[in-house]
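# give me the fold of what follows.
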Amino acid sequence: MKRSVYSLVLMDDVVRKIDQAAYSMNTSRSNLINQILAEYVSCPTPEQRTKDIFEQIAQAVSGERTFQIQGQPSDGMISIRSALRFRYNPTIRYAVEIYREGGDDFGEMRVSSRTQSRQLLEYLEDFFTRFAHMELRERQLSAGVLEYHIEGGRFTRKFTLPQNVRQLTNQQMGNAIAWYIQMFDKVLESYFESVSLALQPEEGMEKQYLEYVKNTEWLI
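Numbering: from 1, shown residues only. Predicted structure coming up:
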């Protein structure tokens, strides 16, 4: 949505309260005022859309003991942590960003760990590479359809609207993202179980991924 600059005359006490509320919500004065006015006149905003999606993601993963919702670093991002059952139980962080402008590519997921272990980082990079190849193969998609970036033990994957679907509701989008994160975490666990047992990881990874493809309504 286009934004323009307008002059408003407001009471100092009101502005002080707005600033306090904006600070506690990790947003700006202008953005909070915009949201308040939009709600009053029933005009949906990108911020409200993102908030609705994040609330649905949080609700969808709330029953999973492995996931912990973190404080949002910004209005456009939600962060979810998961403990990996491997040496020293390292933490995996899933950061989801929703793009303001929407479109076919409507957001992205970034996966990382704060570990300093060179071995674990090498394992993660190996997993990310295997996962990207497996997903493209099982979905019969080309590398240009799904976009990945793998570097330094970090993984980024863009979320794209399902083929032949022009748009999803906020609830559908939140569920689709939550299901993807849950699947990714299960496939990651399967990989590290195989590593611990000195087995080839492909079979377990594919089993978890194909179950997701079979049972998921919106493949993003």
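
# now for the protein, the helix or strand with the poorest mean pLDDT.
strand 67-74 (a mean of 79; mean pLDDT, DSSP states H and E).

# okay, and the closest residue to residue 44 other than its chain neighbours sits in which element?
Of all residues not flanking residue 44 in the chain, residue 38 sits nearest, at 7.1 Å (Cβ to Cβ, 6 or more residues apart in numbering). For glycine as for every other residue, the C-beta is placed from the backbone atoms N, C-alpha and C. Assigned by DSSP states H and E, residue 38 belongs to helix 29-40.

# just residue 178 next, same as before
Secondary structure from DSSP H and E places residue 178 in helix 170-196.

# swap in residue 211?
Going by DSSP H and E, residue 211 is in helix 202-215.

# so what touches the helix holding residue 38?
Helix 29-40 is touched from outside by 8, 15, 18-19, 21-22, 25, 43-45, 47-48, 75, with contacts defined as Cβ atoms under 8 Å, 6 or more residues apart in numbering.

# of those residues, grab the buried ones for ChimeraX.
Here is the ChimeraX command that selects the buried residues among the contacts of helix 29-40 (16 or more other Cβ atoms under 10 Å):
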select :18,22,45,47,75
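
# mind putting the contacts of helix 29-40 into JSON lines with pLDDT, distance to residue 191 and secondary structure?
As requested, the contacts of helix 29-40 are exported to JSON lines (pLDDT from 0 to 100; distance: Cβ to Cβ, whole Å; DSSP: H, G, I helix; E, B strand; the rest coil):
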{"residue": "8", "pLDDT": "83", "distance to residue 191": "54", "secondary structure": "coil"}
{"residue": "15", "pLDDT": "91", "distance to residue 191": "52", "secondary structure": "helix"}
{"residue": "18", "pLDDT": "93", "distance to residue 191": "48", "secondary structure": "helix"}
{"residue": "19", "pLDDT": "94", "distance to residue 191": "47", "secondary structure": "helix"}
{"residue": "21", "pLDDT": "91", "distance to residue 191": "44", "secondary structure": "helix"}
{"residue": "22", "pLDDT": "89", "distance to residue 191": "42", "secondary structure": "helix"}
{"residue": "25", "pLDDT": "78", "distance to residue 191": "38", "secondary structure": "coil"}
{"residue": "43", "pLDDT": "63", "distance to residue 191": "46", "secondary structure": "coil"}
{"residue": "44", "pLDDT": "71", "distance to residue 191": "40", "secondary structure": "coil"}
{"residue": "45", "pLDDT": "81", "distance to residue 191": "40", "secondary structure": "coil"}
{"residue": "47", "pLDDT": "84", "distance to residue 191": "36", "secondary structure": "helix"}
{"residue": "48", "pLDDT": "86", "distance to residue 191": "37", "secondary structure": "helix"}
{"residue": "75", "pLDDT": "73", "distance to residue 191": "33", "secondary structure": "coil"}
